[in-house]
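> fold the following.
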Amino acid sequence: MIVDSSVWIALLNGRDDPETQYLKRAIIDDRPVLVPGLVLTEVLQGLSNDAEAQRVSALMAGFPAPPELDINDYRSAAGLYRACRAHGTTPRSTIDCLLAQICLVLNVPILARDRDFELIARVTPLKLALQHAD
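Numbering: from 1, shown residues only. Below you'll find the model as predicted:
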């Protein structure tokens, strides 16, 4: 499973919601949790100082990173964006399209708190770790 920065940030801020509970349970149960460099960057850029960033970086280093994207993955991520737009919805984040592409290539679900992944899952085989009621 890939965990979006939205969930990591909520966890680090002490938020208790279905997504953070799911992540905590996955860690306790020793289920695979992957941390792409894109997610690490998003989490670290929001921290207030270098000491906190070093602490969180060390914590997240305990989780493996998925393979890096190649040029075809970048093309496919752009295709995800266009597919959503063709269906009347536009993802807000290029990074979310890239993360979705990683999930599709690896055939793993995404755990997230934002709507971009729900939009992408409507038009692709992207798996969501948690389904939200609309």
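> contacts for the longest helix belonging to the chain?
If you go by DSSP state H, the chain has its longest helix at helix 71-86. Here helix 71-86 makes contact (CB atoms under 8 Å, 6 or more residues apart in numbering) with 69, 90-91, 94, 97-98, 100-102, 104-105, 119-120, 122-124. To be clear about C-beta, it is placed using only N, CA and C from the backbone, and glycine gets the same treatment.
> please redo it, this time with the cut-off set to 10 Å
67, 69-70, 89-91, 93-102, 104-105, 116, 119-124, 126 (CB atoms under 10 Å, 6 or more residues apart in numbering).
> please save the CA atoms from it in PDB.
The C-alpha trace of helix 71-86 is given here as PDB (Å, rounded to 0.1, in the frame of the first residue of the first chain):
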ATOM      1  CA  ILE A  71       9.400   8.100 -18.700                       C
ATOM      2  CA  ASN A  72       6.500   5.900 -19.700                       C
ATOM      3  CA  ASP A  73       5.100   6.200 -16.200                       C
ATOM      4  CA  TYR A  74       5.100  10.000 -16.500                       C
ATOM      5  CA  ARG A  75       3.300   9.700 -19.800                       C
ATOM      6  CA  SER A  76       0.700   7.400 -18.300                       C
ATOM      7  CA  ALA A  77       0.200   9.700 -15.300                       C
ATOM      8  CA  ALA A  78      -0.600  12.500 -17.800                       C
ATOM      9  CA  GLY A  79      -3.000  10.100 -19.400                       C
ATOM     10  CA  LEU A  80      -4.700   9.600 -16.000                       C
ATOM     11  CA  TYR A  81      -5.200  13.300 -15.800                       C
ATOM     12  CA  ARG A  82      -6.700  13.500 -19.300                       C
ATOM     13  CA  ALA A  83      -8.900  10.500 -18.700                       C
ATOM     14  CA  CYS A  84     -10.400  12.200 -15.600                       C
ATOM     15  CA  ARG A  85     -10.800  15.400 -17.400                       C
ATOM     16  CA  ALA A  86     -12.600  13.600 -20.300                       C
END
